[in-house]
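**Student:** Requesting a structural model of the entry that follows:
(2 chains)
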Amino acid sequence: MLESRAITKIFGSKTAVDHITLKLEKGHVYAMLGPNGSGKTTWMKMAAGLIKPTSGEALFEGAPVSIESRKHVAYMSTEPYFYSWMTVKDVGKYYDDFFLDFSYPRYQALIQRMELAENMKTTALSSGMMAKLKIAVTMARDAQVYMLDEPFNGIDLLARDEIRHCILEYATEEKLLLLSSHLVEEMEAIADRAVFIKNGRLIECVDVEEMRGERGISMADRYREIYGHGEGAMA
Amino acid sequence: MSKLMKYEFRKTLATKLILLGITAVAEIAFLLGLYLEKTRLLATSVAILTLLAIGGILMIGLGSILIFHRDINTKQSYMLFMTPNSCYKILGAKVIENGLSILLGGAFFFTLGAIDIALLFAKEGNIQEMWKWIEDLIHSINKNIQLDAKGLACVTFGLLSSWIATVTTAYLAEAVSAALLNGKKYNGVLSFALFLVITILLSWLGQKATQAIVSVNLGFLIQGGIFLLASGLMYVATAQTMERKLSV
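**Tutor:** Residues are numbered from 1 along each chain as shown, chains lettered A, B, ... in the order given. Below you'll find the model as predicted:
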């Protein structure tokens, strides 16, 4: 459904993503894992068509990502990106204007659930409220692919629970969910597949249950192995 | 495209409202000065209104360049580039909205000026003397300009087209800076140099094309046409640069 072929992005002298070939299938929730600066965000932005790769390509349903794929891929950036003059209502109206798969009634239900009000100014929202708003507006789309970059960043436990429930409601057979995070424990409860990225390179893409069954290790154990805090840490 | 234009208009609304507010205050001062016969207030308000007419159009253009800069260089860019719209549409909405704002702004100040002059004539009575004074003033700038409706329309068209070309040139320089020179040394200097070179070239081209033309009105029309054509070319070049190279 969503893939990259030898995709590479170089910023000046730094290689952010280094020849990553990866194929993600629908019906799964993927956790894209790695410490800050490992290339998760850059990969996602290339898959969303926001960043042009230096070489290689990103594909959606076998075709290069394009204006067409943006109709079916819902991307949520980790940074706030709404216009400063917007209220919570304006954000919903904006998405409603541009995305055919957006449901305003669902958005209203989600913001109510997230304890947000339509008349709130986006500039006045706390980081936790902003995270909730980003989730609400992204999940109010009936997209085929959801890419959420660090959805749990900077928010409290209760808000995390709410966001987790909201995400899981959308994890159906027809959809692909990709969540990036360095909060591995949080991901363990949501994802059934894990993508480990280190220094811009793909280490592996694994089925979490298989990893538990065959190797006897959890996602967090594998994370420690790869990023250097456990036995057999990878160089 | 209409939805993109709606949001482009919304982004520039604050600037336009501020401009409109100041103009309204200056206009009230003008009317008070005229009907209460306060010469000093009248003179000050006329000076402010003249400045606003010139500065307002400049402000609309500069505001649009600033918004474009933010739209391709900050996280706010996601609002545009994650939507299923091509760079041609995104930029097209900006160019049309800005072009219309400049033209409508120009028409607004032109009409307001015409009304104010008419009110002044009606109040003062000595129309011929005042008209001569305005003619002398315009002729001191360019003795070939004819002070009739046709002449003023041609001058306005030429000047506004020139400003639209300047704004689209700035768009191109911004896009080159963000897409091709991003992270490179002397990025700002190089993109500003590109802006200057194109602006000077266009000005030279406009002068060359109208050198042999005696009629000032026709000269302004031809120059305006050249500037609008250049704006179109600048639009295509900017959209291509964004489509192929811009990462946000």
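
**Student:** Please spell out the segments of chain A that come in under the pLDDT threshold.
**Tutor:** A:229-235 (pLDDT under 70).

**Student:** which parts of it sit against chain B?
**Tutor:** Chain A has residues A:11-12, A:45, A:48-52, A:67-68, A:70-71, A:75, A:77, A:79-83, A:85, A:94, A:97-99 near chain B, with proximity defined as CB under 8 Å from any CB of the partner chain. C-beta coordinates here come from the backbone N, C-alpha and C atoms, glycine included.

**Student:** Which ones among those residues map onto helices?
**Tutor:** Those of those mapping onto helices are A:45, A:67-68, A:70, A:94, A:97-98, per DSSP state H.

**Student:** Among the residues you listed, give me the pair with the biggest separation.
**Tutor:** Maximum pairwise distance among these (CB to CB): 22.8 Å, between A:Lys45 and A:Asp97.

**Student:** who's more crowded, those two?
**Tutor:** More crowded of A:Lys45 and A:Asp97, by other CB atoms under 10 Å in any protein chain shown: A:Lys45, with 26 against 14.

**Student:** What is the neighbour count of the nearest residue to the more buried one once chain neighbours are set aside?
**Tutor:** Once flanking residues are discounted, A:Lys45 sits nearest to A:Ile51: 4.2 Å by CB to CB, 6 or more residues apart in numbering or on different chains. As a burial measure, A:Ile51 scores 22 neighbours (other CB under 10 Å).

**Student:** what's the answer for A:Gly56, then?
**Tutor:** A:Gly56 has 17 nearby residues by other CB under 10 Å.

**Student:** Strands along chain A, start to end?
**Tutor:** Listed in chain order, the strands found in chain A under DSSP state E are A:2-11, A:14-24, A:28-33, A:55-60, A:63-64, A:73-76, A:145-149, A:176-181, A:193-198, A:201-207.

**Student:** so how far is chain B from the residue nearest the centre of chain A?
**Tutor:** Closest residue to the average C-alpha location of chain A: A:Leu148 at 2.3 Å, with CA atoms, centre = their mean. Separation of A:Leu148 from chain B (CB to the nearest CB, to the nearest Å): 13 Å.

**Student:** Contact residues of chain B facing chain A?
**Tutor:** Contact residues (CB under 8 Å from any CB) of chain B with chain A: B:3, B:6-7, B:10-11, B:14, B:75-79, B:81-86, B:183, B:244-248.

**Student:** Apply 10 Å and report the result again.
**Tutor:** Chain B has residues B:2-4, B:6-7, B:10-11, B:13-14, B:70-71, B:74-87, B:89, B:179, B:182-184, B:243-248 near chain A, with proximity defined as CB under 10 Å from any CB of the partner chain.

**Student:** Buried among the residues you listed? Make that a PyMOL selection.
**Tutor:** In PyMOL, a selection of the buried entries from the residues of chain B next to chain A looks like this (16 or more other CB atoms under 10 Å in any protein chain shown):
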select buried, chain B and resi 4+7+11+71+76+77+78+79+80+81+82+83+84+85+87+89+179+182+243+246+247+248
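
**Student:** Look up how far A:Met114 lies from A:Arg106.
**Tutor:** With distances taken as CB to CB, to the nearest Å, A:Arg106 is found 12 Å from A:Met114.

**Student:** Let me see the ranges of the helices in chain B.
**Tutor:** Secondary structure of chain B (DSSP H): helices located at B:2-35, B:39-73, B:78-81, B:87-124, B:127-141, B:149-179, B:187-210, B:216-245.
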